[in-house]
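# Here's a sequence, model it:
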Amino acid sequence: MGDQDSISAGKSKDLVPAAAILDTWSKDPWTNGIQVDRLEDMQKVAVQTANSLYEIIIIEGHSGDILLRGGKFFPELTPARLAGATMGGCFCKMRGIYVGFRMEVCANGQRIITSPVETIAVLAPEDDKEIRGSHW
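Numbers count the residues shown, from 1 in each chain. Next up, the predicted model:
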């Protein structure tokens, strides 16, 4: 399901992403991402969105509790809860991070929705410095 896949709602200005249609959403095989509730606690993940690089440390995957750094809202590691993958509407793939979808995160009493995810990397402990680079 890419951003280019869409279904017309009558007029060309009323295009709806196919991923935002319930039938499409429920039939998706969900092979282009990860579920944090299936990863080990303390696992590190790097997520590149259209606008930012995020470092995620999974504190407790089943609850979605994470530490998050990246983008303009999270300059330092910040306790947060990953709600899941969304198109910015009412559907949410709970505890998921998927390419083409946005991450929905709750932190500091706010709900933040990122730009669309472009890449996801689950890091081995020895690759930890790879996502931090020189600016982390």
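# mind checking the longest strand of the chain?
strand 74-86 (DSSP state E).
# if we look at it, which residues are touching it?
Residues outside strand 74-86 that contact it (Cβ atoms under 8 Å, 6 or more residues apart in numbering): 33, 36, 54-57, 59, 63-69, 92-98, 101-108, 111, 113, 117. C-beta here means a position set from N, CA and C on the backbone, and glycine is covered the same way.
# Among those residues, the buried ones, what's the ChimeraX command?
Entered in ChimeraX, the line below selects the buried ones among the contacts of strand 74-86, by 16 or more other Cβ atoms under 10 Å:
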select :33,36,54,55,56,57,59,64,65,66,67,68,69,92,93,95,96,97,98,101,102,103,104,105,107,117
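# The contacts of strand 74-86 in strands, which ones?
Mapping the contacts of strand 74-86 onto strands (DSSP E) picks out 33, 54-57, 59, 65-69, 92-94, 96-98, 102-107, 111, 113, 117.
# beta partners of Y54?
V47, G70 (DSSP bridges).
# The longest strand of the chain relative to strand 102-107, how many degrees between them?
Per axes from the mean of the first three to the mean of the last three Cα atoms, to 10 degrees, the angle that strand 74-86 makes with strand 102-107 is 130 degrees.
# can you state the direction angle for strand 74-86 and strand 53-60?
For strand 74-86 against strand 53-60, the angle by the same axes, to 10 degrees is 70 degrees.
# Output strand 74-86 as PDB, restricted to C-alpha atoms.
What follows is strand 74-86, C-alpha atoms only, in PDB (Å, rounded to 0.1, in the frame of the first residue of the first chain):
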ATOM      1  CA  PHE A  74      12.000  14.900  20.700                       C
ATOM      2  CA  PRO A  75      15.500  16.400  20.800                       C
ATOM      3  CA  GLU A  76      16.400  14.200  23.800                       C
ATOM      4  CA  LEU A  77      15.400  10.700  24.700                       C
ATOM      5  CA  THR A  78      11.800  11.100  25.900                       C
ATOM      6  CA  PRO A  79       9.500   8.500  27.500                       C
ATOM      7  CA  ALA A  80       6.600   7.900  25.100                       C
ATOM      8  CA  ARG A  81       3.900   5.400  24.100                       C
ATOM      9  CA  LEU A  82       3.700   4.200  20.500                       C
ATOM     10  CA  ALA A  83       0.000   4.000  19.600                       C
ATOM     11  CA  GLY A  84       0.900   2.500  16.200                       C
ATOM     12  CA  ALA A  85       0.800   3.000  12.500                       C
ATOM     13  CA  THR A  86      -1.800   5.300  11.000                       C
END
